[in-house]
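Participant: Fold the following for me, if possible:
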Amino acid sequence: MANTYIAYHFTIEPNDLGSEILIAQLEETAFESFEETEEGVSAYVQKDVWSENILNEIEILSNENFKISYTTNEIEPVNWNEEWEKNFSPIDVDGICHVRAPFHPATNAKYEIVIEPKMSFGTGHHETTHMMIQHLLELDVTNKKTIDMGCGTAILAILAEMKGAQPIDAVDIDNWCYLNSIENAERNNCKHISVYEGDASWLNDGQKYDVFIANINRNILLNDMATYVNCMNDNSVLLLSGFYTEDFEAINECCEKLGLTFESKKERNNWLGLKYIKN
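Facilitator: Numbers count the residues shown, from 1 in each chain. Alright, predicted model coming up:
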């Protein structure tokens, strides 16, 4: 089953500066995703890693320059197919890649991906997925061994195959994502994608990739980066996203310490998508 989340809805005064500081501090804990609201920030943490003292080290909550209150609620797994169909509109990435649902009309895009997710993240609406698609569109991945770590709905793995990559591994720790990625790969007639349920611990020294894709979140990336790099061939490409512009220094420092060379970055609504090369 999919994970149950605890949501914290923060009301912040003043909002802009306070939200930026709060998100930066929450990122140091088990919170894994954030949504800026008119009142402040909503933050989400998996219930199985949540604890009552999760906010104890959040310094801004006791800062007299900010007035912050919050409410919480538990988010049970829902039927995202149903929710998604109510709200989803097709995604166009630079006129080249089109992501749509089965109930939308087909287009003449060079790369058309048809997905029907079982969960809310990674459907392409999110800025990070959009930027990762842009990065992939710029790469020659023909016959390159590729991995989509934290694959979600497998959009990026599917696009990689459409562009000629093979073989491709798609990995996600969430069971719904695992099952949905299998369905989406089949729906798009993919023949070179193998889907696995797991996280970075699934990787081993014998696995080497030419293209390594990881659209997850800041804390997981920093924790697992060394494992990723250990599974990359020389001159391979690493594409990263799932974090904010203010996280660039931490991510870049981690990558450079592991011998990676920064190549380029994309920015979209305060989110970043980065490209590195392993020399």
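
Participant: can you tell me which residues contact Met232?
Facilitator: Shown in contact with Met232 (CB atoms under 8 Å, 6 or more residues apart in numbering): Lys208, Tyr209, Phe212, Leu238, Lys278. Where you see a C-beta, it was placed from the backbone N, CA and C, and this is true even at glycine.

Participant: can you give me the helices for the stretch 151-279 of the chain?
Facilitator: Along the stretch 151-279 of the chain, the stretches classed as helices by DSSP state H, counting those that start in this stretch are 155-162, 175-187, 218-230, 248-257.

Participant: Which residues does the first one contact?
Facilitator: Put plainly, it is helix 155-162. Contacts made with helix 155-162 from outside it, assessed by CB under 8 Å, 6+ apart, are listed as 97, 99, 111, 113, 115, 122-124, 129, 132-133, 136-137, 141, 146, 148, 151, 168-170, 181, 184-185, 188, 190-193, 211, 213, 215.

Participant: Out of those, list just those in strands.
Facilitator: Among the contacts of helix 155-162, the members falling in strands are 97, 99, 111, 113, 146, 148, 168-170, 193, 211, 213, 215 (criterion: DSSP state E).

Participant: and the gap between the spatially closest residue to Ile133 that is not a sequence neighbour and Thr4?
Facilitator: Excluding the flanking residues, the one nearest Ile133 by CB to CB, 6 or more residues apart in numbering is Val93, at 4.6 Å. Applying CB to CB, to the nearest Å, the value for Val93 to Thr4 is 32 Å.

Participant: what's the domain layout of this protein?
Facilitator: Using the TED database, the domain ranges for the chain come out as 5-78, 121-278.

Participant: Buried deepest among the ones you listed, which one?
Facilitator: The highest mean neighbour count among these, using mean count of other CB atoms under 10 Å, belongs to domain 121-278: a mean of 20.

Participant: can you give me the strands for the stretch 1-150 of the chain?
Facilitator: 5-13, 33-36, 40-46, 67-75, 91-93, 97-100, 111-114, 146-149 (DSSP state E, counting those that start in this stretch).

Participant: Looking at strand pairing, list the partners for the residue nearest to Ile133.
Facilitator: With beta bridges defined as DSSP bridges, Val93 has these partners: Cys97.

Participant: same deal with Met232?
Facilitator: On the basis of DSSP bridges, Met232 is bridged to Tyr209.

Participant: Report the contact partners of Glu13.
Facilitator: With contact taken as CB under 8 Å, 6+ apart, Glu13 is in contact with Phe66, Lys67, Ile68.

Participant: quick revisit: return the member of the strands of the stretch 1-150 of the chain having the minimum mean pLDDT.
Facilitator: The stretch with the lowest mean pLDDT among the strands of the stretch 1-150 of the chain is strand 33-36, which comes in at a mean of 82.

Participant: what packs against that strand?
Facilitator: For strand 33-36, the helices and strands in contact under the criterion 3 or more CB pairs under 8 Å, 6 or more residues apart in numbering; DSSP states H and E are helix 15-26, strand 40-46.

Participant: out of these, which comes closest to Asn219?
Facilitator: Minimum separation from Asn219 across those (CB to CB) falls at helix 15-26, 10.1 Å.
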